[in-house]
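K.L.:
Just need the structure, nothing else, for what follows:
(2 chains)
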Amino acid sequence: MRPFRLGLLGAAVIASLLLGLSAGAVALPLGEVWAGLWHADAAGAAIVRDLRAPRVILAFMVGGSLGICGAALQAMIRNPLAEPYLLGLSSGAGLGAVIAIASRAGSPWAIPAAAFAGALCAVALVYRLSLVSGRRLDPHVLLLSGVVVGSFAGALMSAIMVLSDAPGVRNAFLWLLGGFGTASWQALAVFTAYASVPLALLVYHARSLDLIALGDEPAHHLGAEVDRIRRMVYLCTALLTAASVATCGIIGFVGLVVPHAVRTIFRPLHRTLLPLVFLVGGCFLVLADVVARIAVRPLELPVGVITALIGVPLFALLLRRTLA
Amino acid sequence: MILEAQGVTVRYRRSQPAALDGVSCQVSGSELVAVVGPNGSGKTTLVRALLGLVPLESGSVTVDERPVDSWPRRSLAQVVGVVGQQEEAVFPLSVAETVMLGRYARLGPLSAPGAADRAAVQRALERCDIVGLAQRPIDTLSGGEWKRVRVARALAQEPRALVLDEPTASLDVRHEMELFELIRQLVDAGLAGLVITHHLNLAARFAHRIVLLDRGAVVATGTPLEVLRRETLSRVFEWPVAVTTWSDGSPQVVPLRAGEVTTSRGGSP
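P.N.:
Have a look, this model is predicted:
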């Protein structure tokens, strides 16, 4: 890969992180951000250290993880339109989390586990619905099934939120729209604990994804254990999506926009694609969060709104291209 | 014997007739075996059975004298290279990157390709005469070029057997001949070759042995002269044919027009 492009990416990562630390209801100049990072008694230290640093790092981690989920799912079903939100994983995870909250099992560590169960159920249901004549997987039917399962999970979530009298459920509606308003060092720790193993596993199997993207039979012929890798990818993407949904709600289209941008610019193999997608996805969500914070200041927009505003036109464009 | 099927029966659904019914077939090094037969005769199922991709109702398949289902796929890919019937690239890579995917079975998950891998890829590109295309994205290739790239990828696996399922489908005469010449060269250099094809005449000219399948069963097997006989082919393909002899001695099959009568020159050898 060209060093110039890599340098540009490195600069973009640093710039987005600094911008994330600086922007918000109270705008901090970069000098104050810098001082706040290194000196506990500096003027903006509390805002930078306790509020914005965990928020920016969490947004970066979640953006990177959702990007990697999208890239892996796209290779798996050989369709650039695949991503956790459109495949119903996010809504399944949201339903799992809402059920956990409604049944008062809402500890920070239990919610991601319930979300994981929800995401797994959703992916299993989507997969089963997409098998044409009981065995062949049709990528277009898969996306349709994802939308249907996502809508069904959304309807169940709404019903639970209306009917439940559990204390946390009233806030669940805002949380589900996606945002980093409640980010904390603890939320970051929970997310990192759940996300680090699936992230490492997906990067470890990046070369297998190159083969899977060719189709099942070519992948078999070239030496990939297709069924084992498929199970691993579904488990890892379900876990990553669950961790994201549990810590910051449903944020769609990151897994669509980011891999598409990286593939268009670099055309890389997955060994390079996944780390790049992580970095670009991180920047993308940090910047989307900045826009969410400053667009209607002092109010804050859900970050899922920003990613959808960017993602939906791109989805329409890709859909036209894949059907052409 | 590198690839061997013994009395293989495959049935996709219980209620349906067997896709393969007691089929036996062997391929050894420096031998090109062509599998021919009408549509739906079980040719592709035979390839899938030989590669352990379909469960067998009865019979056995061995690769290098070892049951195929006991091979880890990574190890199997180091022995058998396969060029499937069709493949469509969703995320286009360059030709060189695509051929390098043939080294998957010999690379660790995180290790970068080494000198041996690059040399194998270069050799495969040279053998398939596509060195000049190395940096081209694969979505800009013609059908013939894409076929050669996939053969090169299989060769980069450095296999001992090469299996090709209808490698010349949708290719023009020149590309067809170039591909069969390449396959024969590789076989003469020591590879075991198994080709599924609809081209009876190319099979007759290039293959050492032909296996003729019909409705999942072997109708005839042997040298092209033994298998490509007028009566057999007319019966199996349900269309009258004549069989002539080319100057190199290989039988050549000519489908007859309705009502056409064979002359003495067009008779069975």
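
K.L.:
And the average pLDDT for the helix ranked longest in chain B is what?
P.N.:
With residue count as the measure and DSSP state H as the assignment, chain B has helix B:173-188 as its longest helix. In this model, helix B:173-188 has an average pLDDT of 92.

K.L.:
which residues touch the helix or strand just after it?
P.N.:
Using DSSP states H and E, the next helix or strand after helix B:173-188 towards the C-terminus is strand B:192-196. For strand B:192-196, the external contacting residues (Cβ atoms under 8 Å, 6 or more residues apart in numbering or on different chains) are B:2-3, B:27-36, B:43-44, B:46-47, B:50, B:85, B:160-167, B:183-184, B:186-187, B:203, B:206-207. The way it works is simple: take the backbone N, C-alpha and C, and place the C-beta from them, glycine included.

K.L.:
ok, and the closest non-adjacent residue to residue A:149?
P.N.:
Taking Cβ to Cβ, 6 or more residues apart in numbering or on different chains as the measure, residue A:149 lies nearest to residue A:88, with 3.7 Å between them; neighbours along the chain are not counted.

K.L.:
likewise residue A:112?
P.N.:
The spatially closest residue to residue A:112, leaving aside those adjacent along the chain, is residue A:246, at 3.9 Å (Cβ to Cβ, 6+ apart).

K.L.:
That neighbour contacts residue A:97, correct?
P.N.:
Yes: using Cβ atoms under 8 Å, residue A:246 makes contact with residue A:97 at a distance of 5.3 Å.

K.L.:
Report the set of residues contacting both of the two.
P.N.:
With Cβ under 8 Å, 6+ apart applied, the overlap between the contact sets of residue A:246 and residue A:97 consists of A:111, A:112, A:114, A:115.

K.L.:
number of nearby residues for the second one?
P.N.:
So the one you mean is residue A:112. A count of neighbours around residue A:112, defined by other Cβ atoms under 10 Å in any protein chain shown, yields 27.

K.L.:
isn't it right up against residue A:241?
P.N.:
No: at 10.1 Å, residue A:112 and residue A:241 do not qualify as touching, with contact defined as Cβ under 8 Å.

K.L.:
So what's the residue count around residue 31?
P.N.:
Picking chain A for this. Taking other Cβ under 10 Å as the neighbour definition, residue A:31 ends up with a count of 12.

K.L.:
I was thinking of chain B, sorry if that wasn't clear
P.N.:
Count around residue B:31 with other Cβ under 10 Å applied: 18.

K.L.:
Can you tell me how far the residue nearest to it when sequence neighbours are not counted is from residue A:6?
P.N.:
By the measure of Cβ to Cβ, 6+ apart, the closest residue to residue B:31 outside its immediate chain neighbours is residue B:208, 5.1 Å from it. Separation of residue B:208 from residue A:6 (Cβ to Cβ, to the nearest Å): 53 Å.

K.L.:
For the two, indicate the residue with more neighbours.
P.N.:
Neighbours were counted for residue B:208 and for residue A:6 using other Cβ under 10 Å; residue B:208 has more, 16 against 13.

K.L.:
dump the residue contacts of the more buried one.
P.N.:
Residue B:208 makes contacts with B:31, B:32, B:33, B:223, as judged by Cβ under 8 Å, 6+ apart.

K.L.:
Just the local confidence number for it, please.
P.N.:
We note a pLDDT of 97 for residue B:208 in this prediction.

K.L.:
swap in residue A:39?
P.N.:
Per-residue confidence (pLDDT) for residue A:39: 83.

K.L.:
Verify the stated contact: it with residue A:45.
P.N.:
Yes: under the contact definition of Cβ under 8 Å, residue A:39 touches residue A:45, with a separation of 6.4 Å.

K.L.:
who has more neighbours, these two?
P.N.:
For residue A:39 versus residue A:45, the count of surrounding residues by other Cβ under 10 Å is larger for residue A:45: 17 against 11.

K.L.:
so who does the nearest residue to that one once chain neighbours are set aside touch?
P.N.:
If the residues on either side of it in the chain are set aside, residue A:45 comes closest to residue A:36, at 4.2 Å by Cβ to Cβ, 6+ apart. Contact analysis of residue A:36 by Cβ under 8 Å, 6+ apart lists A:28, A:42, A:43, A:44, A:45, A:46, A:47, A:48, A:49.

K.L.:
Return the set of buried residues in the strand or helix carrying residue A:36.
P.N.:
When secondary structure is defined by DSSP H and E, residue A:36 falls within helix A:30-38. With burial defined by 16 or more other Cβ atoms under 10 Å in any protein chain shown, the residues of helix A:30-38 counted as buried are A:32, A:33, A:34, A:35, A:36, A:37.

K.L.:
What of stretch A:20-31?
P.N.:
Applying a neighbour-count criterion of 16+ other Cβ under 10 Å, one finds A:20, A:21, A:22, A:23, A:24, A:28 buried in stretch A:20-31.

K.L.:
Please write out the alpha-carbon positions of that stretch in CSV.
P.N.:
Written as CSV, here are the backbone C-alpha positions of stretch A:20-31 (Å, rounded to 0.1, in the frame of the first residue of the first chain):
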residue,chain,number,x,y,z
GLY,A,20,-13.8,14.5,19.1
LEU,A,21,-12.1,15.7,22.2
SER,A,22,-12.5,19.4,21.3
ALA,A,23,-16.1,19.6,20.0
GLY,A,24,-19.2,19.5,22.0
ALA,A,25,-21.7,21.6,24.0
VAL,A,26,-18.6,23.4,25.4
ALA,A,27,-16.1,23.8,22.7
LEU,A,28,-12.5,23.4,23.9
PRO,A,29,-9.6,24.8,21.9
LEU,A,30,-6.9,22.2,21.0
GLY,A,31,-4.5,23.7,23.5
